[in-house]
Every structure is written in structure tokens, then in C-alpha cells.
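Participant: sequence-free structure coming up:
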DNA sequence: ACATCGATCTAC
DNA sequence: TAGATCGATGTG
């Protein structure tokens, strides 16, 4: 098992975003590992990006974690109901992060299904299996990621990202980000990346 | 204090 | 396609 170290996150955010595709997100919770493959991400860079919560070097209670050392978790509440999970990137003091928007379940699937549907794996449809984690809010429910994980060190033992156990190749699609209609010129930035043809991508 | 608004999801 | 739902944020 090769856990991603601080160096991995301490690089240009667009590179980190692309390189996170195919990596495995692990949450050790309740005595078991929930593991999923990252298949869709978006980059947010405070300095130049009106879609970033820390645009214009804004520092608030919510955004201060974006300035934390690389490899820190940024989890925030969206629409009053859902959490979104990000990995903080670049050197400490520079506000940037990668939002994980879609993951493919690998281990602890029974638990993830229960987290989402309060049902067993045999009781759900094929469609529900895909809806398990093909979106930023959905994957947080499946993986039991909440505000309690905010500011957590992703180089620790509880919540982390590791290299894929088996190498496989894939094509990366690069496109614009979702639901940032307020962000003016940043709407056009092609900072969304996903694994081509993967079922757990939130939207084509 | 108070009004506004989401890096979303589900159900109608 | 509309509605849920509420913390974070900005304004007065």
C-alpha cells in the first residue's frame, strides 16, 4: 500500500487534480476500510478563480483550511444538506484544492450501500448501485465523510488517498466545471477532469 | 439581527 | 424541474 505523501499535494493544483484520477480514497471508520477509486475531480485555485471559496485571498472561518498545508482535507456543507470533500493542494498559505466529484466503490461496499440507502446490497437496483457515489454529496454519504473530517491530515491513518493496487490505463476527459454559473470568466476554465466512460462520473 | 445564497440531490 | 434545508457569509 503506497499512501500519497505531502509532496504529492504540494504541486500545481491542475497536476494534482489529474493525477488523483485512478487513485484510491480510503476512510477507516467503524473498524473497517471504505475504499473507492477516484474517477472525477475539479480544481479550485484561490488566486485566479472566482469559483473558489477563497477567491481574492478571502479568509473566513470556512475558507481558512484552504490555506493549510498540502494534503489537508477540506469538507464543507453545501445547500444546507450535503457535504463535499476536497484535498488541499500547493504550499501552505496558498488557497487551492481539488474537489472529488465521483468515486467507484471498491471495498466496504456493503457498508457504503447501507450508508446511502439503509438497505442490503441485494436489495438495490443496478441504477441505485451507480447512484451510490456518482456525485460529490453522494460519495460523502457513502464514505461517511462529514464535517468531522474537515481539516484532517490526509497523510494520516484515518482518511487518506493511496496509489491504485493494480495499474490500469484510462483516458482523461478535460472539461468545464459544474454549477459555478456565478463565476464569470472562470466558468470557462477547463478544470474538471474525469475518467472517460467510467460509470461513476456524475454527469457527461 | 436579518436576508441571501449555494462546488447538490431527490422526488414529483 | 421545483423544492428541501441550514450554515456561512455579508450587510446594516
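Facilitator: Yes, it's here. None of these values were measured; they are calculated from a predicted model.
Participant: Only C-alpha atoms from now on, for both contacts and neighbour counts.
Facilitator: Will do.
Participant: After the lengthiest strand in chain A, which helix or strand is next?
Facilitator: Across chain A, the longest stretch assigned as strand under DSSP state E is strand A:32-45. Next in sequence after strand A:32-45, counting helices and strands by DSSP states H and E, comes strand A:73-78.
Participant: what's in contact with whichever helix or strand comes after that following strand?
Facilitator: Counting by DSSP H and E, the next helix or strand C-terminal to strand A:73-78 is strand A:82-88. The contact list for strand A:82-88, computed with C-alpha atoms under 8 Å, 6 or more residues apart in numbering, reads A:9, A:65-78, A:95-100, A:136-137, A:140-141, A:145-147, A:154.
Participant: on that earlier part again, list the pairing partners of the longest strand of chain A within its sheet, with orientation.
Facilitator: Paired neighbours of strand A:32-45 in the sheet (DSSP bridges): strand A:24-29 (antiparallel), strand A:96-107 (antiparallel), strand A:192-195 (antiparallel).
Participant: Make JSON lines out of those strands and add mean neighbour count.
Facilitator: Formatted as JSON lines, the strands paired with strand A:32-45 follow (neighbours: other C-alpha atoms under 10 Å):
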{"stretch": "strand A:24-29", "mean neighbour count": "20"}
{"stretch": "strand A:96-107", "mean neighbour count": "26"}
{"stretch": "strand A:192-195", "mean neighbour count": "25"}
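Participant: before we move on, back to that, can you turn the buried part of the contacts of strand A:82-88 into a PyMOL selection?
Facilitator: Burial among the contacts of strand A:82-88 is assessed by 16 or more other C-alpha atoms under 10 Å; the matching PyMOL selection reads:
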select buried, chain A and resi 9+65+66+67+68+69+70+71+72+73+74+75+76+95+96+97+98+99+100+136+137+140+141+145+146+147+154
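Participant: Thanks a lot, see you next time.
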